[in-house]
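Asker: I'll drop the sequence and a predicted model, then ask my questions.
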Amino acid sequence: MTETPLSAAAIVERVTAGDLTPGAVVDESLRRIEAVNGELNAFSVVLANEAREQARFLALGAGEAPGPLYGVPVAIKEELDVAGCVTTFGGRANSTPAASDGEVVRRLREAGAIIVGKTQMPEFGAWPYTESVAYGHTRNPWDTRHTPGGSSGGTAAAVASGMVPVGMGGDGGGSIRIPAACCGLFGLKPQRGRVTTAPMEHLWWALGTVGPLSRTVLDSAIVYDVIRGNLPTDRWRAGEVGSFADAARRDPGRLRIGWTVKPVTRGVKPHPEHVAAVRDTARLLTGLGHDVREVDPRYPDPTTAFVPQFFAGIRAEADAVEHYDRLEQRTRETCRLGSWVTPRVIDFALRRTEQVSARANRVFADIDVLLTPSMAHRPPPVGVLDGTGTVRASLKAMPAIAYAALWNLAGNPACSVPSGTGTDGLPIGCQLVGRTDGEETLLSLAAQLEATRPWPLVAP
């Protein structure tokens, strides 16, 4: 193995060619986990023996056609079921191991991926900072004094530090894009309904999606081609699209790109370095031949649609755990504060979601892609949630989700692309938002940016 961690695509190529074995790849991943996880607290559990056994099983199947993730170590966020592991959701309220893999994990294994462990998250993914009473603070590989973001912060820290090339996260209000921005990764929230939510009918009703974080655009595209698609139990389904991996390998053509630094959340002011990153990216895209101009998206107010689904999502997950009394005090407070969200309120919120989506998508009458900051503030020091209740935690979350959460409601695909570093030495991310079912356009454009303005493969 080389010192610089390989991408998932490179691992597949070299293992398939016989230059590496799955066992060697897994051993290197586990070596890195052993070396740095103690400081970062990215993994909640490491499945070393199981991963080595799966690698041996793959090596024995030499006569079979290798899958698109053949031999690739993958980390799984704690909200997804992995057979034999307790699905903790970032807390201690469950105690019984999952009897089987969730559908997304099953598809990853079927494609040849090797599950090396599960990653930390705030309880139920409620906050954009990966901190929990049960498991402590997860730290940013770029500067361990700072948060990696959340709620998929454990996955982001694992990928950005080179422990794994890709890891699974989830996004209900920015939880893939925020940690991607904090840790210098590529993170795409797909179109609502693109990836199955089985065994659940939905994730936080219309808000939640599942997807990877990666160091390269192509790696995310390959993973999405493996995990996308629905089961009969899924409440939402996305439209038809082509190969994401092919999209990541082709030129995007000349696109109409609108940019804005106006936040969706009123009263939030973007950091000057985030404003500068958007302007720099707009100039770069102009130089690449795109039609780029400043726009006013005239954002709708998402509050009446988002807040009920947030509360209802937390309450539904809390009602399903084995030991409600073991939930964090803040989580139980959130459940109490959300008691007003009845089935009728949820129905109203879903109708309002359709209205918000229609209004948000008006910006795409004249453009193909919207460029914004990924979040408003710089990654704060760890301990953001210490001593906070629901209200204070929500206020602290506002700058992180100010540009991201609207697109969970609207359902559109949106990604965070690394866009340099700030004077604090931490990464900056810019968000690209696409039309409905527009993942292919975003992947092509993000790959063009990656090729033109390469970003570090791992945190320094």
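Answerer: Done, it's in.

Asker: just give me the residue closest to the centre of the protein.
Answerer: By CA atoms, centre = their mean, the mean C-alpha position of the chain lies nearest to Ile176, the distance being 2.0 Å.

Asker: I figured it was touching Gly170, is that so?
Answerer: Yes: judged on CB atoms under 8 Å, Ile176 makes contact with Gly170 at a distance of 7.0 Å. Any C-beta I mention is one placed from the backbone N, CA and C, and that applies to glycine too.

Asker: which residues are in contact with both of those two?
Answerer: With CB atoms under 8 Å, 6 or more residues apart in numbering applied, the overlap between the contact sets of Ile176 and Gly170 consists of Ser152, Thr209, Gly211.

Asker: inside strands: which ones of the residues you listed?
Answerer: In strands, defined here by DSSP state E, the members of the shared contacts of Ile176 and Gly170 are Thr209, Gly211.

Asker: if you rank the shared contacts of Ile176 and Gly170 by neighbours, which is first?
Answerer: Within the shared contacts of Ile176 and Gly170, most neighbours by other CB atoms under 10 Å means Ser152, with 41 neighbours.

Asker: ignoring the adjacent residues along the chain, who's closest to that residue?
Answerer: When the adjacent residues along the chain are set aside, Ser152 lies closest to Gly169, with 2.9 Å between them (CB to CB, 6 or more residues apart in numbering).

Asker: who's in contact with the one you found?
Answerer: By CB under 8 Å, 6+ apart, Gly169 lies in contact with 77, 151-152, 155-156, 175-176, 179, 187, 210-213.

Asker: likewise Pro460?
Answerer: When contacts are counted by CB under 8 Å, 6+ apart, Pro460 touches Trp142.

Asker: for it, give its distance to Glu322.
Answerer: 42 Å (CB to CB, to the nearest Å).

Asker: repeat that for Gly193.
Answerer: 30 Å.

Asker: tell me where the stretch 351-460 of the chain has strands.
Answerer: Shown for the stretch 351-460 of the chain, the strands assigned by DSSP state E, counting those that start in this stretch span residues 369-373, 414-421, 427-434.

Asker: can I get the ones you listed in JSON lines with mean pLDDT?
Answerer: JSON lines is the format used below for the strands of the stretch 351-460 of the chain (pLDDT from 0 to 100):
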{"stretch": "strand 369-373", "mean pLDDT": "98"}
{"stretch": "strand 414-421", "mean pLDDT": "98"}
{"stretch": "strand 427-434", "mean pLDDT": "98"}
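
Asker: between these, which gets nearest to Val25?
Answerer: Among the strands of the stretch 351-460 of the chain, the nearest to Val25 by CB to CB is strand 414-421 (24.5 Å).

Asker: buried set for stretch 23-36?
Answerer: The neighbour-count criterion (16 or more other CB atoms under 10 Å) identifies Gly23, Ala24, Val25, Val26, Asp27, Glu28, Ser29, Leu30, Arg32, Ile33, Val36 as the buried residues of stretch 23-36.

Asker: closest to Ile428 among those residues?
Answerer: Looking at the buried residues of stretch 23-36 and their distance to Ile428, the nearest is Val36, at 23.0 Å (CB to CB).

Asker: quick one: the closest residue in space to Thr197 that isn't next to it in sequence from Val36, how far?
Answerer: Nearest non-adjacent residue to Thr197, counting by CB to CB, 6+ apart: Leu203, 5.0 Å away. In this view, Leu203 and Val36 are 30 Å apart by CB to CB.

Asker: what do you get for Ala206?
Answerer: The spacing between Ala206 and Val36, counted by CB to CB, is 37 Å.

Asker: ok, now Pro128?
Answerer: The value you get for Pro128 to Val36, if CB to CB is used, is 23 Å.

Asker: quick one, what contacts Pro22?
Answerer: Residues in contact with Pro22, defined by CB under 8 Å, 6+ apart, are Val15, Gln54, Ala55, Arg56, Leu58, Ala59, Tyr70, Gly71, Ile114.

Asker: redo these as CSV? Include distance to Leu395, pLDDT and neighbour count.
Answerer: CSV is the format used below for those (distance: CB to CB, whole Å; pLDDT from 0 to 100; neighbours: other CB atoms under 10 Å):
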residue, distance to Leu395, pLDDT, neighbour count
Val15, 47, 94, 24
Gln54, 44, 95, 22
Ala55, 46, 95, 23
Arg56, 50, 94, 13
Leu58, 48, 90, 24
Ala59, 52, 83, 14
Tyr70, 46, 95, 22
Gly71, 45, 96, 26
Ile114, 41, 97, 27
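
Asker: among those residues, name the ones in helices.
Answerer: Using DSSP state H, the members of these that fall within helices are Val15, Gln54, Ala55, Arg56, Leu58, Ala59.

Asker: between the residues you listed, which is nearest Ala98?
Answerer: Gln54 (16.5 Å).

Asker: ok, and the closest non-adjacent residue to the closest one?
Answerer: Setting aside the residues directly before and after it, Gln54 is nearest to Ile114 in space (CB to CB, 6+ apart), at 4.9 Å.

Asker: do Pro128 as well
Answerer: By the measure of CB to CB, 6+ apart, the closest residue to Pro128 outside its immediate chain neighbours is Ala400, 3.8 Å from it.

Asker: against Gly338, how distant is that neighbour?
Answerer: Here the criterion is CB to CB. By it, Ala400 lies 20 Å from Gly338.

Asker: settle it for me: which of the two has more neighbours?
Answerer: Each of Ala400 and Gly338 has its neighbours counted (other CB under 10 Å); Ala400 has more, 32 against 19.

Asker: ok, now which ones touch that one?
Answerer: Remark: with contacts taken as CB under 8 Å, 6+ apart, Ala400 is in contact with Pro128, Tyr129, Gly149, Gly174, Ile178, Met375, Ala376, His377.

Asker: just Gly117 next, same as before
Answerer: Applying CB under 8 Å, 6+ apart to Gly117 gives the contacts Ile33, Phe43, Ser44, Val45, Val46, Leu47, Ala51, Ala75, Ile76.

Asker: list the buried residues in the helix or strand hosting Phe310.
Answerer: Using DSSP states H and E, Phe310 maps to helix 303-320. Neighbour-count burial for helix 303-320, with 16+ other CB under 10 Å as criterion, is recorded at 305-306, 308-318.

Asker: could you single out the nearest of those residues to Val82?
Answerer: The shortest separation between Val82 and any of those is 17.2 Å, and it belongs to Glu317 (by CB to CB).

Asker: the closest one against Phe124, yeah?
Answerer: Yes: taking contact to mean CB under 8 Å, the distance of 5.0 Å between Glu317 and Phe124 places them in contact.

Asker: what's the overlap in contacts for these two?
Answerer: Overlap between the contact sets of Glu317 and Phe124, as judged by CB under 8 Å, 6+ apart, is given by Phe89.
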